[in-house]
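K.L.:
Got a predicted structure here, sequence first:
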Amino acid sequence: MLSSRLPPNLAPNAVSRAVEACRASGAHLIDLTESNPTAAGFLYPPDLLAPLASVEALRYEPQPLGLTAAREAVEREFARHGRSVAADRIALTASTSEAYALLFKLFCDPGDEVLVPQPSYPLFDHLTKLEAVVPVAYHLEYHGAWRVDVESVARAITGRTRAILVVSPNNPTGSFLHRDDLRLLAELCRRHGLALIGDEVFFDYPLDPAPEKASVLDQDGVVTCALGGLSKSCGLPQVKLGWIAWSGPAPFVARALSAYEIVADSYLSVSTPVQVAAGTILERGGTIRAQIQTRVARNLQALRAACAAQPAAVVLRAEGGWSAVVQVPAIRSEEDLVLTLITEDGVLVHPGYFFDFPREAYVVISLLIAPDRFDAGVAKVLARACGSGR
C-alpha cells in the first residue's frame, strides 16, 4: 500500500525509544545532539521577522526563480563571501532539502545515480529515495584532516551517474572542500558530463585552525549548483528560504536554468512574505551568526581541553560547521555506549554509525549547546566512554 520509496521499517530505533522513555519519565536529559539554533539560547531581535508582515507581500507575483529583489539580496550574500553571482543565476527554494529534490528532478531519471560523501548526514538516503534516485557513496578519509578520496569518486562513476554531491563544510566531519580536490572533481564532472552540486549551508562557520574555504563556485568548467539558506546563515530554520546559485559554461547553464524553471514553476513553494523580507533579514542576520560563531568556537575549545585531559578520547580536526567528532575507545559498541549514556547518565549524543563512519567508535556532538550544559554533558560522555563512568 505504501510507496517503496519509504523505509520498509517505520518503527523508531533503539536510541529513539530510549530518548522517548527518558523524557516520558521526567528525567533530566542533556541533549548534545541539538542542532536547532532557535532552541539553543541565542538572543534574537524581537522584531527580526517584522518584515514578513510587509504590505508588499499582499501581492502575489509567481516567479519560478523567485522575486528579483530577493534574488538580488542573495547576490549580495555571495558578495559578502567575495564571490560574484548574478541574480539571474540564482533560484530560490523553500529549503536546501527542497533544492536537492528539484535538482534531482532536473538531472535524473528514475534509477539514475548521484554520488554522495561518506561519512555525511543521513538525510541523503531519504532525499534520493523519495525522488527514485540511487545514492552511491564515495569516501572521505581522515589523516589528521578530512579529505575527499577522489579515486573512490572515480571508481563510483557509472553510465547512470548524473551528479556529484559535495558538502562543504561537511556535516558532521566539519571538512571544507580543498581547492585541489575541487579541481579533480570538476575534471571528473567535465569528462563524464556530470553536474557538481555543492551544499554550502555551513559556509559561514569556519573553525580554528582556519581552513582554505573553496566553494564549488570557484570553478566554471562544468554546470555547478551551490546551495545555501537562512536556516544556517541566519540561524532561522523556521523561515523557509533557501537558494541555488548556478555557475558553469554559459550555454549549458542557460539550458539547465530554462529546464529548471519548468520544474520550479510546477511547485512555486517559496512564500511571497519571506521573499519580500529576505533583504532585511539577511542584512540583520549577522547578529545571530556572530552569536553562533562565538558559541561554536568556545565549545570546540572546551571540548578539546576536556579530551586533552582524557587521552583515550580524541577530537578529530573540524574546519567548519556546528558539530565535532570524538573518537573514543572501542571497548563497547557505539549503540551500547549511546544507550548507556541515555539511561544511566542522562546525556544524548549521536553514534558514528548514524553518519556511516566506516568503523567504530565515534560519537558526534553538537557545538550549539549552552556552555554550562555542554561542559556537564561532555564530562559525562568522556567519563563513560573512557571507562571511568559508573
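P.N.:
Right, received. Where do you want to start?
K.L.:
For the stretch 1-150 of the chain, just list every one of the strands.
P.N.:
30-31, 90-93, 113-118, 134-142, 146-148 (DSSP state E, counting those that start in this stretch).
K.L.:
Tell me which of these is the most buried.
P.N.:
Most buried of the strands of the stretch 1-150 of the chain by mean neighbour count (mean count of other C-beta atoms under 10 Å) is strand 90-93; its value is a mean of 25. For the C-beta atoms, the positions are set from N, CA and C on the backbone; glycine is no exception.
K.L.:
Helix, strand or coil: sort out Pro197 for me.
P.N.:
Let me fix one detail, which is that residue 197 is Ile and not Pro. Assigned state for Ile197: strand (three-state reduction, DSSP: H, G, I helix; E, B strand; the rest coil).
K.L.:
so where does Ala226 fall, helix or strand?
P.N.:
strand 224-229 (DSSP states H and E).
K.L.:
what's the next secondary structure element after that strand?
P.N.:
helix 230-233.
K.L.:
Just want the angle from the strand holding Ala226 to strand 195-199.
P.N.:
20 degrees (axes from the mean of the first three to the mean of the last three C-alpha atoms, to 10 degrees).
K.L.:
For strand 224-229, enumerate the helices and strands it packs against.
P.N.:
helix 96-107, strand 195-199, strand 242-247 (3 or more C-beta pairs under 8 Å, 6 or more residues apart in numbering; DSSP states H and E).
K.L.:
For Ile197, which of the strands of the stretch 1-150 of the chain is the nearest?
P.N.:
strand 113-118 (7.8 Å; C-beta to C-beta).
K.L.:
hang on, isn't Tyr362 packed against Leu337?
P.N.:
No. In this structure Tyr362 lies outside contact range of Leu337 using C-beta atoms under 8 Å: 10.1 Å.
K.L.:
residues shared between the contacts of these two?
P.N.:
Common contact partners of Tyr362 and Leu337 (C-beta atoms under 8 Å, 6 or more residues apart in numbering): 328, 351.
K.L.:
show me where pLDDT drops low in the stretch 151-300 of the chain?
P.N.:
Within the stretch 151-300 of the chain, the ranges that satisfy pLDDT under 70 run 209-211.
K.L.:
let's go with 90 and repeat that
P.N.:
Along the stretch 151-300 of the chain, the model assigns pLDDT under 90 to residues 208-214, 220.
K.L.:
what sits up against stretch 153-165?
P.N.:
The contact list for stretch 153-165 (C-beta under 8 Å, 6+ apart) reads 103, 107-108, 111-117, 124, 134, 136-138, 185, 188-189, 192, 194-199.
K.L.:
Including distance to Val314, could the strands of the stretch 1-150 of the chain go into CSV?
P.N.:
Output for the strands of the stretch 1-150 of the chain, formatted as CSV (distance: least, C-beta to C-beta, whole Å):
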stretch, distance to Val314
strand 30-31, 22
strand 90-93, 38
strand 113-118, 20
strand 134-142, 11
strand 146-148, 14
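K.L.:
circling back: ok, which of the helices and strands packed on strand 224-229 comes nearest Lys232?
P.N.:
helix 96-107 (8.5 Å).
K.L.:
Figure out how far the closest one is from the centre of its chain.
P.N.:
Here helix 96-107 is found 15 Å from its chain centre; the criterion is C-alpha atoms, centre = their mean, to the nearest Å.
K.L.:
who touches that helix?
P.N.:
For helix 96-107, the surrounding residues in contact (C-beta under 8 Å, 6+ apart) are 93, 114, 123, 127-128, 130-131, 133, 162-163, 195, 197, 199, 201, 225, 227-229, 231, 242-244, 256, 259-260, 263-264, 267, 269.
K.L.:
ok, of those, which come out buried?
P.N.:
Buried by 16 or more other C-beta atoms under 10 Å: 93, 114, 127-128, 131, 133, 162-163, 195, 197, 199, 201, 225, 227-229, 231, 242-244, 256, 260, 263-264, out of the contacts of helix 96-107.
K.L.:
quick one: Gln293 from Val239, how far?
P.N.:
19 Å (C-beta to C-beta, to the nearest Å).
K.L.:
can you pull the contacts of Pro45?
P.N.:
Per C-beta under 8 Å, 6+ apart, neighbours of Pro45: 284, 287.
K.L.:
And the pLDDT at it?
P.N.:
Per-residue confidence at Pro45 stands at 95 (pLDDT).
K.L.:
Touching, His81 and Glu200? I think so.
P.N.:
No. Using C-beta under 8 Å, His81 is not in contact with Glu200; the gap is 9.1 Å.
K.L.:
just to revisit the earlier point, out of Gln293 and Val239, which sits in the more crowded spot?
P.N.:
Val239 (21 against 15; other C-beta atoms under 10 Å).
K.L.:
Please report phi then psi for that one.
P.N.:
Main-chain torsions, Val239, degrees, to the nearest 10: phi -100, psi 100.
K.L.:
dump the residue contacts of it.
P.N.:
49, 52, 230-231, 274, 281.
K.L.:
Just the buried ones from these, in PyMOL syntax?
P.N.:
To isolate the buried ones among the contacts of Val239 in PyMOL, judged by 16+ other C-beta under 10 Å, type:
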select buried, resi 49+52+230+231+274+281
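K.L.:
between the contacts of Val239, which is nearest Gln310?
P.N.:
Of these, the one sitting nearest to Gln310 (C-beta to C-beta) turns out to be Ser231, at 33.6 Å.
K.L.:
For this protein, just list every one of the helices.
P.N.:
14-24, 68-80, 96-107, 123-130, 150-156, 179-192, 230-233, 250-265, 272-284, 286-308, 334-340, 371-385 (DSSP state H).
K.L.:
deepest of the ones you listed, which one?
P.N.:
helix 230-233 (a mean of 24).
K.L.:
who touches stretch 257-266?
P.N.:
For stretch 257-266, contacts defined as C-beta under 8 Å, 6+ apart pick out 62, 64-65, 89, 91, 93, 102-103, 105-106, 246.
K.L.:
any chance of these in JSON lines, plus distance to Val315?
P.N.:
Formatted as JSON lines, these follow (distance: C-beta to C-beta, whole Å):
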{"residue": "Pro62", "distance to Val315": "48"}
{"residue": "Pro64", "distance to Val315": "45"}
{"residue": "Leu65", "distance to Val315": "42"}
{"residue": "Arg89", "distance to Val315": "39"}
{"residue": "Ala91", "distance to Val315": "38"}
{"residue": "Thr93", "distance to Val315": "34"}
{"residue": "Leu102", "distance to Val315": "37"}
{"residue": "Leu103", "distance to Val315": "34"}
{"residue": "Lys105", "distance to Val315": "39"}
{"residue": "Leu106", "distance to Val315": "39"}
{"residue": "Trp246", "distance to Val315": "37"}
